[in-house]
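Participant: Fold the following for me, if possible:
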Amino acid sequence: MSAQGEVRYGIESLYLFPYFQTREDYQKATGVEPPKWDSTRPPKYWFDPAAKESTRRNVTYDQVIAYSASGSPLFDDKGNPTLELMMLNKDEAAGVNIPPKGLGIANVPGADKPEIPPPLRALHADEELFVPFGSIVAVRVKGTLEPDRGFTEEDRSVLLAVARKLGVTL
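Facilitator: Numbers count the residues shown, from 1 in each chain. From the prediction side, this is the model:
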């Protein structure tokens, strides 16, 4: 066990391809204006540069986080996020579908659909997926300690009761 505490990091460290939060980020990184937003398709914030060159119609990715139709991650019987296989048409895999964002832009039709998840690299033997809170999926290194989270309210109650019993004034 490590004495440094738990080692954890965001799921984006496993992404196989760059992930673009905004249309502007995409344009800055690629030097090309992103394709026009298509509200009939789900949002997609990444692209596979090799997909266009595929001799097959579809491209398969071995690992993506499995999501429900509502966009929440799916979990196995131990409560860990589930990984699944994903197949996309090569044109879909090679492009992005990033909705407009920014000041004065709200309620963009179709932008609330669950996004197409980015493919992930294989986990190293010492890594595992977990959910630190809510529906956020993250990665942690196995065998590291949980960080000290301080006293809980229950801990404080017990300490106050002990102090009262001992006649100690806080």
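Participant: show me where pLDDT drops low in this protein?
Facilitator: 1-6, 145-152, 169-170 (pLDDT under 70).
Participant: Break down it into its helices, ranges please.
Facilitator: Taking DSSP state H to define them, one finds helices in the chain at 23-30, 90-94, 153-166.
Participant: which of these is buried the deepest?
Facilitator: helix 90-94 (a mean of 18; mean count of other CB atoms under 10 Å). In this view, the C-beta of every residue, glycine as well, is placed from N, C-alpha and C.
Participant: So which elements touch that helix?
Facilitator: The contact analysis (3 or more CB pairs under 8 Å, 6 or more residues apart in numbering; DSSP states H and E) places helix 90-94 against strand 58-65.
Participant: Mind listing what's buried along the strand it packs on?
Facilitator: Residues of strand 58-65 classed as buried: V59, Y61, Q63, V64, I65 (neighbour count, 16 or more other CB atoms under 10 Å).
Participant: picking that back up, got TSV for the helices of the chain, with distance to P117 too?
Facilitator: TSV is the format used below for the helices of the chain (distance: least, CB to CB, whole Å):
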stretch	distance to P117
helix 23-30	17
helix 90-94	12
helix 153-166	37
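Participant: quick one, which of these is nearest to I136?
Facilitator: Among the helices of the chain, helix 23-30 comes nearest to I136, with 20.5 Å by CB to CB.
Participant: Let me see the ranges of the strands in this structure.
Facilitator: Assigned by DSSP state E, the strands in the chain fall at 8-10, 58-65, 83-89, 127-130, 138-141.
Participant: and of those, who's closest to G104?
Facilitator: Closest among the strands of the chain, using CB to CB: strand 8-10, at 29.1 Å.
Participant: Cool, thanks, signing off.
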